[in-house]
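Student: give me the fold of what follows.
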Amino acid sequence: MADDAPLAPLSSLLAAHGGRNAEHHRALWTFDARLADIVRTTTEPLIGQMRMTWWHEVLTDASGAKGRGEPLADTLKAGMAEIAQLQPALLAMIDGWETFLLAREGLDEAALEAFAQGRGGGLFRALCRMGETPEWLGQAGAVWALWDLSGHVSDPPSAELAIRIAARLDGKMGPWQRGWAPARIAYGMAHKDVARNAIAMPGLTPRLYARFMRLALLRG
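Tutor: From the prediction side, this is the model:
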């Protein structure tokens, strides 16, 4: 896959732990970052929706012509051809980010949960290369998405609300299959803070890196 914009350090670490599927994982984290960038750089919601719609059309175009030649689009479509049921997970990610795009000026509990279930639930299902997944896996993804969001929004009340919703959604997660290590690590990074109602720190701090290494050494 041709390089996209550099991934955030934590996303790069998680992708690297994808083992033989590391390229697939990097594409998924890049896709998530691309959707986040649409939200970040769009001032007119309608324009943002049009950009989201383009990705939706790329992933649903039966002819395969839409987006051909765009490196990330080509990689994602190749993955869809290989992995049954991957398309719904990717479309869920788009829906989640679009929900956030449309509600970001007035985020409430319903909008944040819909965002998290779409973005995080879709991402975790895609990372684990599954369509039909245990319900808890989508919930784990939602917890991670809310935790991650809390470290990036500039509005403290929204960050605090995100963590409160994450705490409500959190619960018994597992058992994790060995091939799901990156999703397990991402969830574990979030769970530690959510359990103590702490907003995520932006960036990969030394403390977060140490947490990552402890989780990476675990199995299951």
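Student: residue 87 - how many residues pack around it?
Tutor: Residues contacting residue 87 under the criterion other Cβ atoms under 10 Å number 18. Placement of C-beta: from N, CA and C, glycine included.
Student: mind telling me what element it is part of?
Tutor: Element membership for residue 87 (DSSP states H and E) is helix 86-103.
Student: contacts for that helix next, please.
Tutor: Residues from elsewhere that reach helix 86-103, judged by Cβ atoms under 8 Å, 6 or more residues apart in numbering: 31-32, 35-36, 38-39, 42, 45, 48-49, 52, 55-56, 59-60, 76, 79-80, 107, 111, 114-123, 125-126, 129, 131, 145, 149.
Student: out of those residues, which end up buried?
Tutor: 31-32, 35-36, 38-39, 42, 48-49, 52, 55-56, 59, 76, 79-80, 107, 114-123, 125-126, 129, 145, 149 (16 or more other Cβ atoms under 10 Å).
Student: coming back round to it: so which of the contacts of helix 86-103 belong to strands?
Tutor: Taking DSSP state E, every one of the contacts of helix 86-103 sits outside strands.
Student: now, those residues that are in helices?
Tutor: Under the assignment DSSP state H, the contacts of helix 86-103 contribute 31-32, 35-36, 38-39, 45, 48-49, 52, 55-56, 59-60, 76, 79-80, 111, 114-123, 125-126, 145, 149 to helices.
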